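Colleague: What follows is a predicted structure for the sequence shown.
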Amino acid sequence: MSLEDKAKNAKDKVSGKAKEVEGKATGDKIRESQGKAEGLVGKAKDKLADAKDTVDNLKDKFDK
């Protein structure tokens, strides 16, 4: 995973957490849900990138 991808995923997770906390503080369930969803998107992107890296590493081992 590139450093740029890590930064984007971290941004999604932090932004999502901020929205979630804002929603909890204001009693806005929709905003809270949006924040949770955005945080999950960031986590999912991390997992997908990790899986891609694993596949690339396996591919490199078999190409040798």
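Modeller: Okay, I see it.

Colleague: need the helices for the chain, in chain order.
Modeller: With helices called from DSSP state H, the chain shows them at 3-26, 29-63.

Colleague: Can I get those helices in JSON lines including mean neighbour count?
Modeller: Just so you know, the C-beta spots here come from the backbone N, C-alpha and C atoms, and that holds for glycine as well. Converted to JSON lines, the helices of the chain look like this (neighbours: other C-beta atoms under 10 Å):
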{"stretch": "helix 3-26", "mean neighbour count": "14"}
{"stretch": "helix 29-63", "mean neighbour count": "13"}
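
Colleague: Could I get these in a markdown table, plus columns for mean pLDDT?
Modeller: Converted to a markdown table, those look like this (pLDDT from 0 to 100):
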| stretch | mean pLDDT |
| --- | --- |
| helix 3-26 | 93 |
| helix 29-63 | 93 |
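
Colleague: tell me the contacts of the residue positioned nearest the centre of the chain?
Modeller: Centroid check for the chain by C-alpha atoms, centre = their mean gives residue 42 as the closest residue, at 1.3 Å. Residues near residue 42 by C-beta atoms under 8 Å, 6 or more residues apart in numbering: 9, 10, 11, 12, 13, 16.
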